[in-house]
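# coordinates only, sequence not included:
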């Protein structure tokens, strides 16, 4: 309080007013240091007024006593019977739980049975699947083998064709030019010149302009191309004519 | 919102979750399921089951660990790990989702016997000294001889906590 007062001293008379109010409160609420109780200190003997003074409580009316006693009995009996009811309830609940162990055993057996059934179903399905897969494998195998057979046949045919081609080439190579027969081949070529400078119509007639000669005589013409194309005309040669010309050439 | 279209939101409704039929026994600790995301005809039942009934499984079996194996093996399967160390394997090849649900409910689900046992256990666990919505009595006031609830009948002032002899004290 002193500290507070010194702090509040700057505020003037308000400090005094506050301190008096606080004291009142302290006395009323018995806060802080307690004041001694009124009367005799406990170390002294009882006062004369109190000593040997027996209080005689007045007797209650007999009908009130009777009523209250009856009520107390009724209440106690009600509590006892309720307790009995609750005890019976607990016993009954416990009796519900008596067969639970046996039920659990039955449950375990049932569960084992269900698991066994499931296992049997799994085995059945596994066998069915194995059979199906083996069938599928066989089918796939046959398809693949068929594909391989077709491919091999194709390759064989190709090989045969290539062999035949090589054989044909070898057969044709009898008339090929090489170092040994080079001179004779040149002489043959000079004897039988092959000229490709011709026009041809749809029937196969060849038109040489100018007519080919075996040995060139004099100065050859400077103009190599044809003056006009005979195949553009309406008078085409016939197939028979072409065939006879071919025969003539071959006979020559 | 594309999420609200089609059957996707339907299977997340509370009503749909409640319709689940598979309620695992207490023996089942973990339930794993293998399926294919792009199944052929034989494997599509498992995928459909996962699509339609996985959330229901989660809802009805909050204490069971549920595992999905997507695209791991060829044959779709379900495997339950029991609390005694056993494993129960289901071959789901060529089964429709209704068949899968039925098989799981029959083998791993709670049977009639289990339901009866649990009911009896719940009764045996009941104590008349417990009160509340999950017990036999909602309130103490339902017991004969006890004071009725103060919401129904006002208590005398001396029995309420507000009553004080001396308002100067405290």
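Thanks, I have the structure now. The shown structure was predicted, so the numbers you read here are calculated from the model rather than taken from an experiment.

# Show the pLDDT at residue B:107.
Note on residue B:107: pLDDT of 95.

# ok, how many other residues are close to residue 71?
Looking at chain A here, since you left the chain open. 10 (other Cβ atoms under 10 Å in any protein chain shown). C-beta here means a position set from N, CA and C on the backbone, and glycine is covered the same way.

# try chain B instead
Neighbours of residue B:71 (other Cβ under 10 Å): 11.

# which residues touch it?
Residues near residue B:71 by Cβ atoms under 8 Å, 6 or more residues apart in numbering or on different chains: B:36, B:37.

# What confidence value was assigned to it?
95.

# for residue A:226, same thing?
57.

# so where's chain B shaky on pLDDT?
Applying pLDDT under 70 to chain B picks out residues B:1-3, B:170.

# ignore the last one, the stretch 1-150 of chain A
Residues of the stretch 1-150 of chain A that meet the cut-off, pLDDT under 70, sit at A:1-31.

# Around chain A, which positions in chain B sit nearby?
Residues of chain B lying close to chain A by Cβ under 8 Å from any Cβ of the partner chain are B:25, B:27, B:75, B:86, B:88-91, B:93-94, B:103, B:106-107, B:111, B:113-114, B:116-117, B:120-121, B:123-129, B:143-145, B:168.

# Select only the buried ones of the residues you listed in ChimeraX?
With 16 or more other Cβ atoms under 10 Å in any protein chain shown as the criterion, this ChimeraX line picks the buried residues out of those:
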select /B:25,27,75,88,90,91,93,94,103,107,111,114,117,120,124,126,128
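
# Can you tell me which of the residues of chain B next to chain A end up in strands?
B:88, B:89, B:90, B:91 (DSSP state E).

# quick one, what contacts the closest residue to the third one other than its chain neighbours?
So the one you mean is residue B:90. Using Cβ to Cβ, 6 or more residues apart in numbering or on different chains and skipping residues adjacent in sequence, the residue nearest residue B:90 is residue B:78, 4.1 Å away. Counting by Cβ under 8 Å, 6+ apart, residue B:78 touches B:31, B:32, B:33, B:34, B:46, B:89, B:90, B:92, B:100, B:104.

# and the second one, which of the three is it?
Here residue B:32 takes the strand state, with states given by DSSP: H, G, I helix; E, B strand; the rest coil.

# How many residues are close by the nearest residue to it once chain neighbours are set aside?
Excluding the flanking residues, the one nearest residue B:32 by Cβ to Cβ, 6+ apart is residue B:67, at 4.0 Å. By other Cβ under 10 Å, the residues close to residue B:67 number 11.

# Ok, residue A:92 next?
12.

# where does it land in three-state SS?
Quick answer, by three-state DSSP: residue A:92 is helix.

# ok, it to residue A:104 distance?
Residue A:92 sits 21 Å away from residue A:104, going by Cβ to Cβ, to the nearest Å.

# cool, and residue A:119?
With Cβ to Cβ as the criterion, residue A:119 and residue A:104 are 22 Å apart.

# which residues touch the closest residue to chain A within chain B?
Taking Cβ to the nearest Cβ as the measure, the point where chain B comes nearest chain A is residue B:124, at 3.1 Å. Residue B:124 is in contact with A:93, A:94, A:96, A:97, A:100, counting by Cβ under 8 Å, 6+ apart.

# Filter these down to the buried ones.
A:93, A:96, A:97, A:100.

# I figured the second one was touching residue B:123, is that so?
Okay, so that is residue A:96. Yes: with contact defined as Cβ atoms under 8 Å, residue A:96 reaches residue B:123; the gap is 4.6 Å.

# Mind listing the shared neighbours of the two?
The contact lists of residue A:96 and residue B:123 share no entry, where a contact means Cβ under 8 Å, 6+ apart.

# What's the separation between the residue most central in space within chain B and residue A:80?
Closest to where the C-alpha atoms of chain B average out (Cα atoms, centre = their mean) is residue B:60, at 3.3 Å. From residue B:60 across to residue A:80, the span is 47 Å (Cβ to Cβ).

# Specify the next element, helix or strand, located C-terminal of the longest helix along chain B.
If you go by DSSP state H, chain B has its longest helix at helix B:44-60. Where DSSP states H and E defines the elements, the next helix or strand beyond helix B:44-60 is strand B:65-70.

# Paired strands for that following strand, with orientation please.
strand B:28-35 (parallel) (DSSP bridges).

# Outside of the strand it pairs with itself, which residues are in contact with it?
In contact with strand B:28-35 (Cβ under 8 Å, 6+ apart) are residues B:24, B:43, B:46-47, B:49-50, B:57, B:61, B:64-70, B:72-73, B:75-83, B:92, B:108.

# Would you mind giving me the PyMOL syntax to select the buried ones in those?
Filtering those down to the buried ones (16+ other Cβ under 10 Å) takes a single PyMOL command:
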select buried, chain B and resi 24+43+46+47+49+50+57+61+64+75+76+77+78+80+81+82+92+108
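
# doesn't residue B:20 make contact with the residue nearest to the centre of chain B?
Yes: using Cβ under 8 Å, residue B:60 is in contact with residue B:20, at 4.8 Å.

# on that earlier part again, now for the nearest residue to the residue of chain B closest to chain A once chain neighbours are set aside: which residues touch it?
Leaving aside its sequence neighbours, residue B:124 sits nearest to residue A:97 (Cβ to Cβ, 6+ apart; 3.1 Å). Listed by Cβ under 8 Å, 6+ apart, the contact partners of residue A:97 are B:120, B:121, B:123, B:124, B:125.

# What segments of chain A are helices?
A:2-8, A:14-29, A:62-96, A:100-172, A:182-191, A:239-251.

# Dump those helices into TSV; add distance to residue B:39 as well.
Formatted as TSV, the helices of chain A follow (distance: least, Cβ to Cβ, whole Å):
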stretch	distance to residue B:39
helix A:2-8	86
helix A:14-29	84
helix A:62-96	48
helix A:100-172	16
helix A:182-191	77
helix A:239-251	72
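
# quick one: which of those helices is nearest residue A:35?
helix A:14-29 (7.6 Å; Cβ to Cβ).

# Show me how far stretch A:105-119 is from its chain's centre.
The gap between where stretch A:105-119 is centred and where its chain is centred comes out at 35 Å by Cα atoms, centre = their mean, to the nearest Å.

# Likewise for stretch A:70-81?
The answer for stretch A:70-81 is 74 Å, by Cα atoms, centre = their mean.

# coming back round to it: what comes into contact with the longest helix of chain B?
Outside helix B:44-60, the residues that reach it (Cβ under 8 Å, 6+ apart) are B:11-12, B:16-24, B:31, B:33-37, B:39, B:64, B:66, B:68, B:76-78, B:92, B:94-97, B:99-101.
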